[in-house]
Each structure stands twice: as structure tokens, then as C-alpha cells.
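> Just the structure for this:
(2 chains)
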Amino acid sequence: MPKHIVRLLTVIAVIAVVALTARWFFRDSSFYRYGHYRGDAPAEIASKLPKHQGSASCQTCHKAIYGEWAAGIHRKATKDNVIQGVVVKAGPGCEVCHTAAGNHPSKEPMPLSVEDQITTITHLKHHTHASNIPGRKLMLTPDEMRGLCMNCHEKMPGRPSKQPQVVIETHAGEELCTTCHNPHSPKIDYNKVPRLVAMKKAGTANPAAGGSVAKNCATCHGASGVSASGAIPNLAGQKQAYLANALRAYKSKTRDNGIMSAMAAGLSESDIDNVAAFYSRNSCKVTGGDKSKIAAGKAKFESAGCAACHASGGLRKPGMAGISASQAWPNLAGQNAEYLSSALKAYQQGAAKATQEGGRYNPVMTGVAKHLSETDIENLAAFLASTNCK
Amino acid sequence: MIEQEKNEVTENCGISRRGFLGLLGAGAATAAVVASTESDASMLGHKSDKKMGFQQSESQYEEALNNPPKIPNYDWNKHRWSYGVDVDRCIGCLRCMEACKAENSVQEDANHHRTWVERYVYLEGQDEAIVDSSADPKNIENVGSELHFRFDNRYEQEKVEKAFFVPKLCNQCDEPSCVQVCPTGATFKAMDGVVLIDTKYCFGCQYCVQACPYGVRSLNEQRGTAEKCNWCYHRITKGLNPACVEVCPTGSRVFGDLNDDNSPISQFIRNNKVTVLKSEMGNKPNLYYVGADKEVS
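Numbering: from 1, shown residues only, chains lettered A, B, ... in the order given. As a prediction, the model looks like this:
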């Protein structure tokens, strides 16, 4: 055989040997097991851990809420489980709004207190606890909370007519969805929602008749609702529904205060609505104060998350500070500084001292107040007292 | 002289040119006959008793049957997954899309997704639909973030004749073009019907992205590999529903096992008049639609 042919064949042979060795070396042993792919791949893909755990997994710890949801209309998208012969899955589950549970709660110390959970959910600032809590992106501002409901319930061409849809401007105006609806079980029995009853009545109240009722209150709260002492709250310019709710709470002693419960006991239902209407229409008195404290309080009002609920625009939109986003929450603008700071301090004490005289407990308020120092409280109170309520 | 040379050549090869061409022709004819009978059989639904997988040899099929991948409590020979979408029930809330991106760690921007929803709107007096999807720039601008998805209400003031939302995802075709073109064997058809991507073998050439007639594939630029819906293979092999089915609040998305007569998908197909998208492409999709309009493809 000629020399050059031998050389050529040698080169080809070497290349072939190298290629075969490389193939043997690099090819996964499971390749071609089931076809032209790696046989180990399906098991690898299947071994990934799911992030959505399903509503049933929330049941163990969140029993009460789960029960509310399970009994309510959000459990089922339709009345029965079968439409057009197809089994219809239950309606929006926990993770539809609260986002994927991930490894919650296994990788975080549990149990979190109620306040800590709500703080984590409500205030992005305090993400110190569990970063993987489902729903932590929820309820940042009134606007965002409404956005969540509007994802499914905004009236929009293309949505099937069976889907309940609203035009938010005419349906709720500036009010929050949660003022009337419980998101876990949103169907309303209008006679059973105290806040709603109060709001409905508010429309028919008679402020002039309220004026004569208010004469009994004038000794402490002042003739127009600007109180005589710093320890007593101003009522002028307060939310009407909030005032009516508070009076009813005093009357039924769910909110207990010796003097107020005694005063409220003598008021009829229409008296309560009328006097609330009277005060809510009055103007408050704004006090001046230490300018540096006011500036510090203003900054804290934003950073502590107060603005999420107690400002008309929420956290991210410019709005009036101290004017609450919902009828159900009190306005803070123009309130007495002394009264505000004592209320915040009472919230700090939390559930343990809630039943004592002057004790206050509310999971959201306690959660927020816990993160405030004494100076913070003083500054906040000074700032709010200097803000006009109209 | 020329004649002589020719004869010499043929003698050397041991076969005449005519003979060779004849053989070629016969071979092609046989292949054509075999191919046509095969395709006839598969069109009628009897592929063969063996139900061999896509591009799978007999020995590989035996191996898949007798020695399936080691997935705990799961045998891929016992399931035949399928998926249904009821267009009439979709409200376009896009919870499916957000859930999918979280579940599968899909790249976090508007244009990478494994499932999405399209909106078809016929304005009064118009013959053609205006289509926009969840990734439409106006919809993204409306939300102000690429982490959340929502349709804007741009037709609020218009006179709309007909409008509806159509969820889209991978069809897990019986004859997937993407698998056919993959040069490395990084994408393949599993025995239970799902088309999977092996991210270790994928090097991001994007042939499959171009091959897919449904446009369900994209390139994950963070990983440098192809990205596609796999019906949450890690969930369905554990007895769970895919994440999008799990979160769909209206039951517009239906999933199940065709081998089980009572599974939601079996009932869905049995009790409705279902269609598939782009049947003319011959990919034999496993994703069934109810109420998909003429323009949906």
C-alpha cells in the first residue's frame, strides 16, 4: 500500500479512536436508555419540590380563617361542583391571593405571634420575621388591597357574565373592599355587618338633632367637639361611622370605659347616629408645637407604616396625612397629642393588658406600636396634632 | 474504447449503474409503503399494541416499560396526562401566570413565561379580533411592574361585540416538533405524555423555540436553556395538580389522567365538544379547548 494512503488511514483511525473515547467518556451512562435522551432526566425533573401547597395545608394552623373560607362563597366558584358535566374545583384557595406557601412554615421558627404575622403582612419595613410567609406582599396600601380584589372582580369586556364584577368608582368610591366584605367569605349579609349598618344609617342621620344630644357631651368634649383637656379626645371632624361604632361599642361594653359606657347607655340608636353626624361635620382646632418634633413625626408617620391606613392616599400616593382610608378607621389629624400618645402606649402593652382600664388591643395597631420608641410616639403625636383634619 | 472502460468499471464494483438505480428505486418504494401504512395506523389511533414513545426503538420501549425512572410512588407507564381549557370560564385574572412563574422560577420579566393569557376583542362592526396578551406593553405599563400581571381595562368605553380570554400553554404534542429538531436530546417525550427539558443537556440553540408551532417555548436567558411548560412535572408525579390548575379560581383549567375514566379531564373531554389548536400542523396536541373561537390558534 502506498505510503500516503497509510498515513491517511492512520490519521483517520486516530481521529476515530479519539472520537469514540470522547463519546464513551462524555456521554451520560443513562443516555439512550429510553430514547435519544438522558434516562436520569425525568427523575431529576420530578424531584423538584412544589411551592404551592394547596389550601388544605393552611388548615392545620389557621383553623379559624380556614373555617371562614371553607363555609363561604370563595370556597366554590359556582353553586355546585359540577357544571356541564365537569367537576369544578373549589374556588380561589388561600394561595390565589396570599401567593405560594413555599416552605412556610417549616424553615422559620414557629409559631409567630398574631402581631408579628400581621406586621409582616402589612408593613414591608418589618420583614424581619419570616420572609417566606405567604401573603407578605398583601395589603400594603388600600389601593393595592383593592387591586387584589379587582384582579378578578373589575368589570371588563371579556369576562364571562357569571363572574361577579363591579365598577369600583360607583360600587365603593374611595372605600376599601374590606370595610364591607370579608375577603375570606365575601358574600355580605347586610344586616350582620356592624360597620355596614353604621354606614347605612350614617346617610340618614340628622346632624341638627345630634347637636342637642351633644349638649350632654360638651362638658368634656367641648361644644363643637374640641375637648377641654388634652387627655380627652377631640371629636370634631372625626369619621362619622367610626364615632357611631365607638358609641355602640361603649353602649354594649365591648369597649369598656366607666364614664363613656354610662353616657352611651342613655343614647338611643338614632341619637348615636345623629350625634356622630354632628361632630363629624365640625372643624377641628389645630395646635402648633415644636417644629423639629413635627418634622421627625412626619418622617416616622411614613416610615412606620401609619400612612398605609391613616392617610387618604395610602403609602405610595400623596394624600392627606391623618385622614384615614376607611370609614371604619379613625382620623388622627387634629387629635390631641396627649391623647394620641397615651393610646399608642396602651396599644404597645398589647393583648395582655387589654382588659384593664385604659387598655387597648388590636392586632394591627399593637404590631405597629411595638416598633415605636417613646420619642417616636411623642413626635408622631406632635405631628398629627398639628395637622388639619379637613 | 469508451464502452470498454465502462464495462471495466462496472465489473470492478460488482454492480451496474442500472442495477444500482433500480435498487434505489425499490428501496424508496418500500420505505414509502411502510411509512404510509404506519401513518394510516397512527391516524386511526391504533399505533400498535406497543404504544411506543415518540422516536423510541423497541428495546428502549421495553426498558421504559420494565425499568421506569426511579420517581417515588410513580410509574410513568400508568398515566396518560392531558389538559383542558374552558375558554368560557376564564376571567383573565392571570393568577395562573403568576403562580406558574413562582412555582417554576421562570425568569422574572414580562416576556418570559410558561403560560399566558390572550384577550380577543371584536369591536362592533369589525370582522377581525384585536388580540393582546398579558405581556402587552400597555398592560405592563398599567401595572407598573413586570412581577405582577393584569389586563388593563382599555375597552371599557368601547362598543364591544364579543370578547373573551384564552389561556395558552404547552400542548405536550404526541408528535412534538421541538423534540424532533433538538440536536442534543435535551428535550424528549416521556412515557406519560409530557414533553420535558433536560436543562443539563440543553445548550440554548433555540431550534426548538423556532420549531414549535404554538410559540410556547422561549429561552431562559439567566440559565441559557430553553424554557417551556411541563405541566409541573414535579407536581403531577407527586399526585398534585399543576400550579396553574391549583390556583385557577373559576375552574377554567382542567387537568387529569386519561387512563382514569373519572378524572376531571376524562369528563371534560367526554362531556364537551373539544377542539385542539392548529390541528393542521399534525402535531397531535394533548391540550383540549372548549369554546375557542375561529380566530384562536
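> Which residues of the stretch 101-250 of chain A lie near chain B?
A:147, A:151-152, A:154-160, A:162-163 (C-beta under 8 Å from any C-beta of the partner chain). Glycine gets a C-beta too; all of them are placed from N, C-alpha and C.
> Weed out the non-buried ones from these.
Buried members of those, counted by 16 or more other C-beta atoms under 10 Å in any protein chain shown: A:147, A:151-152, A:154-160, A:163.
> All the strands of the stretch 251-390 of chain A, residue numbers only.
If you assign secondary structure with DSSP state E, counting those that start in this stretch, the stretch 251-390 of chain A ends up with no strands.
> same deal with the stretch 51-200 of chain A?
Along the stretch 51-200 of chain A, the stretches classed as strands by DSSP E, counting those that start in this stretch are A:82-83, A:86-87.
> can you list the weak-confidence ranges in the stretch 101-250 of chain A?
A:103-144, A:174, A:189-202 (pLDDT under 70).
> Which single residue in it comes nearest to chain B?
In the stretch 101-250 of chain A, the residue found nearest to chain B is residue A:158; the distance is 3.7 Å by C-beta to the nearest C-beta.
> Just confirm yes or no for the longest helix along chain A near chain B.
In chain A, assigned by DSSP state H, the helix with the most residues is helix A:3-26. No - contact of helix A:3-26 with chain B is not found when judged by C-beta under 8 Å from any C-beta; the minimum separation is 11.1 Å.
> starting at the chain centroid, how far to that helix?
71 Å (C-alpha atoms, centre = their mean, to the nearest Å).
> if you average pLDDT over that helix, what comes out?
With pLDDT averaged residue by residue, helix A:3-26 scores 94.
> next SSE after it?
Note on helix A:3-26: by DSSP states H and E, the next helix or strand toward the C-terminus is helix A:41-46.
> Phi, psi for residue B:131 please.
Dihedral angles phi and psi of residue B:131 (degrees, to the nearest 10) take the values phi -110, psi 130.
> And the one 5 residues further on, by the same measure?
Taking degrees, to the nearest 10, you get phi -60, psi 130 for the backbone angles of residue B:136.
> Give me the neighbour count for it.
The number of residues packed near residue B:136 is 17, by other C-beta atoms under 10 Å in any protein chain shown.
> Repeat that for residue A:203.
By other C-beta under 10 Å, neighbour count at residue A:203 equals 9.
> Are we agreed that it is in a helix?
Yes - the assignment for residue A:203 is a helix, going by DSSP: H, G, I helix; E, B strand; the rest coil.
> show me the contacts for it.
Contacts were defined as C-beta atoms under 8 Å, 6 or more residues apart in numbering or on different chains; by that measure residue A:203 touches no other residue.
> cool, and residue B:246?
A:52, A:54, A:93, A:95, B:99, B:235, B:240.
> swap the cut-off to 7 Å and go again
By C-beta atoms under 7 Å, 6 or more residues apart in numbering or on different chains, the contact list for residue B:246 reads A:52, A:54, B:99.
> And residue A:381, by the same measure?
Applying C-beta under 7 Å, 6+ apart, the residues near residue A:381 are A:337, A:340-341.
> what's the straight distance from one end of stretch B:228-245 to the other?
Stretch B:228-245 has an end-to-end distance of 16 Å (C-alpha to C-alpha, to the nearest Å).
> mind checking how far residue B:101 is from residue A:215?
Taking C-beta to C-beta, to the nearest Å as the measure, residue B:101 and residue A:215 are separated by 62 Å.
> tally of neighbours for residue A:179?
Each residue near residue A:179 was counted by other C-beta under 10 Å, and the total is 18.
> just to revisit the earlier point, would you check which pair of the residues of the stretch 101-250 of chain A next to chain B lies furthest apart?
For those, the maximum inter-member distance is 22.4 Å, found between A:147 and A:162 (C-beta to C-beta).
> what's the neighbour count on residue 281?
Since no chain was named, I'll use chain A. Other residues near residue A:281 number 16, with proximity taken as other C-beta under 10 Å.
> my bad, chain B
Here the count is done by other C-beta under 10 Å, and residue B:281 has 17 residues near it.
> Check the one 10 residues further on too.
When counting by other C-beta under 10 Å, one arrives at 19 neighbours for residue B:291.
> Tell me the confidence at the closest residue to it other than its chain neighbours?
Using C-beta to C-beta, 6 or more residues apart in numbering or on different chains and skipping the chain neighbours, the partner closest in space to residue B:291 is residue B:87 (3.8 Å). The predicted local confidence for residue B:87 comes out at a pLDDT of 93.
> got the phi/psi numbers for residue B:87?
Backbone dihedrals for residue B:87, given as degrees, to the nearest 10, come out at phi -60, psi -30.
> Skipping adjacent residues, who's closest to residue B:160 in space?
Once flanking residues are discounted, residue B:160 sits nearest to residue A:157: 4.1 Å by C-beta to C-beta, 6+ apart.
> Please look at the one you found and residue B:153 and confirm they touch.
No - using C-beta atoms under 7 Å, residue A:157 is not in contact with residue B:153, being 8.3 Å away.
> Do I have it right that residue B:177 meets residue B:283?
Yes - contact status for residue B:177 versus residue B:283: in contact at 6.2 Å, counting by C-beta under 7 Å.
> So for those two, which sits in the more crowded spot?
Residue environment comparison for residue B:177 versus residue B:283 gives the larger neighbour count to residue B:283, 23 against 18, counting by other C-beta under 10 Å.
> did I read that right, the more buried one in a strand?
No - counting by three-state DSSP, residue B:283 is not part of a strand but coil.
> Could you measure from it over to chain A?
Residue B:283 sits at a distance of 18 Å from chain A (criterion: C-beta to the nearest C-beta, to the nearest Å).
> what's near enough to touch that residue?
Residues touching residue B:283, when contacts are defined by C-beta under 7 Å, 6+ apart, comprise B:171, B:173, B:175-177, B:213.
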